[in-house]
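Chemist: any chance you can model this:
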Amino acid sequence: MPARIEDYALIGDLGTAALVSRDGSIDWLCWPRFDSGACFAALLGGAEHGRARLAPKDDKARITRRYRGSTLILETRFETAQGAATLIDFMPPRTGDDSHVVRIVVGERGRVDFESELVLRFGYGANVPWVTRLEDGTRRAIAGPDMVIMRTPVGVRGKDLTTVAEFAVSAGERIPFVLSYGPSHKEPPAPVDAEQCLAKTEKFWTDWASKNQISGPWNDAVCRSLVTLKALTYAPTGGLCAAATTSLPEFIGGERNWDYRFCWLRDATLTLLALMNAGYYEEAKSWRDWLLRAAMGSPSQIQIMYGLSGERRLSEWQVPWLPGYEKSAPVRIGNAAYNQRQLDIFGEVMDALHQARKGGIGHVAAGWDLEQALLAHLEKIWNERDSGLWEVRGSREHFTFSKVMAWVAFDRAVKSAESFNLPGPVDHWRKLRDHIHNDVCERGFDNEVVSFVRSYGSKELDASLLLLPALGFLPPEDPRIRATVEAIERELVVDGLVLRYDTEKSDDGLPAGEGVFLACSFWLADAYLMLGRRDDAVRLFERLLALRNDVGLLSEEYEPRSRRLVGNFPQAFSHLALVNSASNLAHYKKPAEQRSQRRVEDAPAMPADPSKVY
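Modeler: Numbering: from 1, shown residues only. Here you go, the predicted model:
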């Protein structure tokens, strides 16, 4: 049985990442990059599918853990009746092709007896490698293209297709274990000095975190979220991975289990605003450049997500030999949603590139050419059905949020052209923008529900509608916005937190059941603030902070009944929402206002009673 999702911590090297459980077991690691076949897959099956465990023999040891300062160095402290020791886990940021997991056991008091178990399995737990002992005493494991080298002064031995050891650490001793990955057709990765790597890794993360310019009462939470977002970045390309994992369930035992180890276009604007507001312009520029490269090509072929380097084919398949996290099956690799039509991404791309220009990242001529081509294509398809923001696997609909984002696309085109003197048919774009706005207000607002609704002709609600004031579609003081927020409070809030939509009522192609969506709950806090309900916003924000695990990490969702984090972990969307909500509440730069950019002449007249709009 794997640990609870909230019992894991993240380490990473800006190329891949590992999850370390509270008891010192690395249960998830994909080498050489986030989306590769897992080397340790115990998270989605039993220990026989791969893990690396270091723990005291005393199963009654008292365990505490923390990240060292503002770094991604994890310290797990074990106290037993005989002594105390700390396990230090980290991955040095990559400087080449090789990748290393470094573990140092530090004796603090008395003596602690440890046991080590290494179960290496490639190909998502399917492939048992051939392990040999090299001349210098290191162990080398090879399976096809993959090679892992294990180096430690501790005497290890093979047992039942695993590598095990028993050892003791006394006060003042430091015992390293280093796992290094490299392609099997090359020479083994050169040895690294664990202590030097520790010093360099600590300096890297401390220096990086010190650049954060967001200040306020929630500095620690913001810093940890920014470090987590950096850790989910694929440094060679600048792409931001949505999560480090695949198939962690949105409902324990259910089948809403998706692969999130890819880069979504819809994360673009929130990512840029979070990075720029925090002062990380180099990372923001890298993300902008990734976005442009990924979207380049025929506008009719633009996708909602891409691989870490911009790969387009993300074919989905199921892993039958992995039973899934707590038997939540199937385990999926790849994501079939990559070829869905989702109209909101056009607005997301346009908004992100507009915000990049405003933020001073710089203008790219080819980018504006691409944007004009995207707009020309969007003009032809904006009034068609799509699969929507939430990637439903049922029938396509006229999702209200998709139409709003089509409005955003033309709105940002007008603003970019006017603000930066860029060429284009601005008058035509303005007419299209106004036409889409009228269409949404007429068909997306339901007078009986007294709210904007999930899709045209529907009576259902959708948490994405909370973003309308932040997007600038209508000002927050518009009665229709106030009424929509109140309707979502009545219908989609569970235990004070927000569902994406009601899966019991919606035909989304899957069985009902999932937790509350954490990013949507942050959006409600932002909406409260824009409506002048600051006390409600602060209360909800601090409630959300309390859902983080003991080292400050959030997954995709939270299940109120079992009081557990669910969904892929850690989730970039949740941490992006946390950073931006903290900025909204405490910083002079407020993403909700930055993004909306409404001018008086843009805002339509407000009705006195939203139920009598039409």
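Chemist: give me the packing partners of the worst-scoring helix or strand of the chain on mean pLDDT, helices and strands only.
Modeler: Lowest on mean pLDDT, DSSP states H and E among the helices and strands of the chain sits helix 591-596, with a mean of 74. Contacts defined by 3 or more CB pairs under 8 Å, 6 or more residues apart in numbering; DSSP states H and E place helix 591-596 against helix 268-277, helix 344-358, helix 468-471, helix 518-530, helix 572-586. Placement of C-beta: from N, CA and C, glycine included.
Chemist: pipe those helices into a markdown table and attach mean neighbour count per row.
Modeler: What follows is the helices and strands packed on helix 591-596, written out as a markdown table (neighbours: other CB atoms under 10 Å):
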| stretch | mean neighbour count |
| --- | --- |
| helix 268-277 | 26 |
| helix 344-358 | 25 |
| helix 468-471 | 25 |
| helix 518-530 | 26 |
| helix 572-586 | 26 |
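Chemist: give the contact list for Ala406.
Modeler: Residues near Ala406 by CB atoms under 8 Å, 6 or more residues apart in numbering: Leu343, Asp344, Phe346, Gly347, Leu378, Trp382, Ile436.
Chemist: same question for Ile175.
Modeler: Contacts of Ile175 (CB under 8 Å, 6+ apart): Ile104, Val105, Thr152, Pro153, Val154, Phe167, Val169.
Chemist: take the residues you listed and keep only those in strands.
Modeler: Ile104, Val105, Phe167, Val169 (DSSP state E).
Chemist: out of those residues, which is nearest to Glu371?
Modeler: Ile104 (49.5 Å; CB to CB).
Chemist: quick one, grab the pLDDT at the closest one.
Modeler: On the pLDDT scale, Ile104 is placed at 98.
Chemist: burial count for it?
Modeler: 21 (other CB atoms under 10 Å).
Chemist: what's it in contact with, if anything?
Modeler: Contact partners of Ile104, counting by CB under 8 Å, 6+ apart, are Leu87, Ile88, Arg174, Ile175, Pro176, Phe177, Ala194, Glu195, Leu198.
Chemist: swap the cut-off to 7 Å and go again
Modeler: Ile88, Arg174, Pro176, Ala194, Leu198 (CB atoms under 7 Å, 6 or more residues apart in numbering).
Chemist: so of these, which ones are in strands?
Modeler: Counting by DSSP E, the contacts of Ile104 place Ile88, Arg174, Pro176 in strands.
Chemist: show the buried residues in those.
Modeler: Buried residues within those, counting neighbours by 16 or more other CB atoms under 10 Å: Ile88, Pro176.
Chemist: now render the ones in strands among the contacts of Ile104 as CSV, adding pLDDT and distance to Gly496.
Modeler: Shown next, in CSV, are the ones in strands among the contacts of Ile104 (pLDDT from 0 to 100; distance: CB to CB, whole Å):
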residue, pLDDT, distance to Gly496
Ile88, 98, 37
Arg174, 98, 46
Pro176, 98, 46
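Chemist: for the ones in strands among the contacts of Ile104, which one is nearest Tyr306?
Modeler: Of those, the one sitting nearest to Tyr306 (CB to CB) turns out to be Ile88, at 35.2 Å.
Chemist: wait, doesn't that closest one sit right on Glu108?
Modeler: No - Ile88 is beyond contact range of Glu108, at 11.6 Å (criterion: CB atoms under 7 Å).
Chemist: show me what the helix or strand encompassing Leu229 is packed against.
Modeler: Assigned by DSSP states H and E, Leu229 belongs to helix 219-231. Applying 3 or more CB pairs under 7 Å, 6 or more residues apart in numbering; DSSP states H and E, we find helix 219-231 packed against strand 8-12, helix 194-209, helix 572-586.
Chemist: quick one: buried residues of it?
Modeler: Buried positions in helix 219-231, judged by neighbour count with 16+ other CB under 10 Å: Ala221, Val222, Cys223, Arg224, Ser225, Leu226, Val227, Thr228, Leu229, Lys230, Ala231.
Chemist: roughly how far does the second one sit from Glu202?
Modeler: Meaning Val222. Noted for Val222: a distance of 20 Å to Glu202, by CB to CB, to the nearest Å.
Chemist: just Val101 next, same as before
Modeler: Relative to Glu202, and taking CB to CB, Val101 is found at 16 Å.
Chemist: which of those two has more neighbours?
Modeler: A side-by-side neighbour count of Val101 and Glu202, using other CB under 10 Å, places Val101 first with 27 against 17.
Chemist: quick check: bridge partners of the closest residue to the more buried one other than its chain neighbours?
Modeler: The spatial neighbour of Val101 that comes closest, neighbours along the chain excluded (CB to CB, 6 or more residues apart in numbering), is Leu179 at 4.4 Å. Applying DSSP bridges to Leu179 gives these bridge partners: Val101, Met150.
Chemist: can you give me every residue that contacts Leu179?
Modeler: Contact analysis of Leu179 by CB under 7 Å, 6+ apart lists Ala52, His100, Val101, Val148, Met150.
Chemist: just Ala17 next, same as before
Modeler: Per CB under 7 Å, 6+ apart, neighbours of Ala17: Leu10, Ile11, Phe34, Ala231, Ala244.
Chemist: next, the third one: phi, psi?
Modeler: Backbone dihedrals for Phe34, given as degrees, to the nearest 10, come out at phi -50, psi -40.
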